[in-house]
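**Q** any chance you could fold what I've pasted below:
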Amino acid sequence: MKPIFLLMSILLSGLLFSSCQKEFLDKKPDKALLIPTTLEDFNALMDNLTIFNTSPSLQEISADDYYANDAGVAGFTTVVQKNSYLWAEDLYQGQPCTDWNLPYQQIFYTNIILDGLKDLEGAEGAKANWNTTKGSALFHRAFAFYNLLQLFSKTYDKNTAGVDLGIPLRLTADVNAKMERASVQQVYDQITSDLLEAEKLLPQLTQFKSRPSKAAADALLARVYLNMENYELADKYAAASLALNHSLLDYNTISQTATNPFPSSPAADNPEVIFYDKLIPYGFTSSTRTTVADELYQLYADKDLRKTIFFAGSAPFYVKGRYTGFRLQLFGGLAVDEMYLVRAESLARIGQFTEAMKELNTLLVTRWAKGSYQPLSASSSEEALKIVLTERRKELTFRGLRWGDLRRLNKDPRFAKSIVRTVSGQVFTLIAGDKRYVLPIPAEEIVASGIVQNER
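**A** Purely as a prediction, here's the structure:
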């Protein structure tokens, strides 16, 4: 059995049907009979937040928003975390890679569901319920494929995507099916195909934000198309998502001194959350010895409430305001603020800089102390773009997005950046466009499947 599915050797264990949210999932009375065959079974499987609402986070350790001093690096609890921080060649040193295994576990289960739904079409329940279940499975599969691409493949380039190596594109639940690495273009085509179909099947909004919706499918399409540099479609789908939910959280209503200032998702309602997802909880991202990069901290003005809501301590400052509302969990989902920023960037890039600044100001007025915000303006698309990208970094920090932004922006000399770390007197540098922006595929996967390894 291939290592991708090492964690799946028992088809559907009791873990899959136990949820930390009772309202989401009722436990089965007989856990020996756990073969999903009904819509209820399929939905219960996808309601497991531990499996389906968790995304990779090694990219967050590798990016430039965090800083760790010598003591912090020495305190890393696993070699994978330390090696990710220093962009080591042998990232895993024989350890399993959850950031690879978990998304493929999600893909495996969604393929089981999609195969099983073929037998239920028109035979069970209302058509709307069948549609929602299929749409949810397609959304989860697309999200997993997209997350994998951001770590284990080159960033999208329309000139080379057809030949750049992507990831194994698993569209079947058969674990014995041999899979080669598809091209980056093929994987993106599958992602957009899944999401466009899901968008037609899902309800506009859902009661529980851990479940996919049309608004979430539109939001993910906007993120995907932005990464593909298709700015017209990125703007289109960000606008479509905002048409369904454009609510912003006024940061003047949040305690600046609270340890966990944000509403705890998904139990409490943060009106900005479109789809709840958390990043894999590595100790690196929750330790007070891991601090915010000073370069980032200095971007916030004194009246910018994010400065005191996001951070605490004193020189260096540590991260406290995690968007999930929990100290140990970083947000990895989709939210309204991101959609305003996707629209602003897309509009700036297609020449509509006045409209871009309007979208940006709509967001930022909710982030500054009441009465203190002065709307930003720009006299050109290039000026607007620079402003938007700075605000994007300040707003979406510690949400798993910075690594992808670095990868795509490094293609543009105006925004290319090298990252430098110094540990125990030794200097480590990651230059723009470095091969190490693509993580190595776990060695056990290479040995078992024979797929091509990434250059490092």
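**Q** measure residue 390 to residue 341 for me?
**A** 11 Å (C-beta to C-beta, to the nearest Å). C-betas here are computed from N, CA, C, even on glycine.
**Q** ok, residue 280 next?
**A** Between residue 280 and residue 341 the computed distance is 24 Å (C-beta to C-beta).
**Q** so for the two, which residue has more residues nearby?
**A** In this view residue 280 and residue 341 are compared by other C-beta atoms under 10 Å, and residue 341 has more residues nearby, 25 against 18.
**Q** quick one: the helices in the stretch 201-350 of the chain?
**A** Using DSSP state H, counting those that start in this stretch, the helices of the stretch 201-350 of the chain run over residues 214-227, 231-244, 294-297, 306-310, 336-349.
**Q** let me have those in a markdown table, extended by distance to residue 84 and mean pLDDT.
**A** Formatted as a markdown table, these follow (distance: least, C-beta to C-beta, whole Å; pLDDT from 0 to 100):
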| stretch | distance to residue 84 | mean pLDDT |
| --- | --- | --- |
| helix 214-227 | 21 | 98 |
| helix 231-244 | 28 | 98 |
| helix 294-297 | 18 | 96 |
| helix 306-310 | 22 | 97 |
| helix 336-349 | 24 | 98 |
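**Q** and of these, who's closest to residue 195?
**A** Closest to residue 195 of those is helix 214-227 (C-beta to C-beta; 5.0 Å).
**Q** which other helices and strands contact that closest one?
**A** helix 127-152, helix 184-201, helix 231-244, strand 273-275, strand 334-335, helix 336-349 (3 or more C-beta pairs under 8 Å, 6 or more residues apart in numbering; DSSP states H and E).
**Q** return the residues in contact with residue 110.
**A** 46, 137-138, 140-141, 144 (C-beta atoms under 8 Å, 6 or more residues apart in numbering).
**Q** below-threshold pLDDT in this structure: ranges please.
**A** 1-34, 122-125 (pLDDT under 70).
**Q** show me where it has strands.
**A** Counting by DSSP state E, one finds strands in the chain at the ranges 54-55, 66-68, 165-168, 181-183, 273-275, 278-279, 290-292, 311-313, 317-319, 334-335, 419-423, 426-430.
**Q** redo the helices of the stretch 201-350 of the chain as CSV? Include distance to residue 173.
**A** Formatted as CSV, these follow (distance: least, C-beta to C-beta, whole Å):
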stretch, distance to residue 173
helix 214-227, 22
helix 231-244, 29
helix 294-297, 42
helix 306-310, 41
helix 336-349, 32
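**Q** quick check: which of those helices is nearest to residue 441?
**A** helix 214-227 (20.3 Å).
**Q** the most centrally placed residue in the chain: what's it in contact with?
**A** The geometric centre of the chain, computed from its C-alpha atoms, lies nearest to residue 332 (C-alpha atoms, centre = their mean), at 4.3 Å. Shown in contact with residue 332 (C-beta under 8 Å, 6+ apart): 54-55, 57, 277-279, 399-400.
**Q** let's see that with 10 Å instead.
**A** Contact analysis of residue 332 by C-beta atoms under 10 Å, 6 or more residues apart in numbering lists 53-57, 60, 143, 147, 275-280, 323-324, 399-401.
**Q** nearest spatial neighbour of residue 421, skipping sequence neighbours?
**A** In this structure, residue 421 finds its nearest non-sequential neighbour in residue 428, 4.5 Å apart by C-beta to C-beta, 6 or more residues apart in numbering.
**Q** that neighbour: neighbour count?
**A** For residue 428, using other C-beta under 10 Å, the count is 13.
**Q** state the distance from it to residue 103.
**A** 27 Å.
**Q** repeat for residue 66
**A** Taken as C-beta to C-beta, the span from residue 66 to residue 103 is 22 Å.
**Q** who has more neighbours out of those two?
**A** The neighbour comparison of residue 66 against residue 103 (other C-beta under 10 Å) goes to residue 103, with 26 against 23.
**Q** hmm, that one is touching residue 144, no?
**A** Yes. Counting by C-beta atoms under 10 Å, residue 103 touches residue 144, with 4.0 Å between them.
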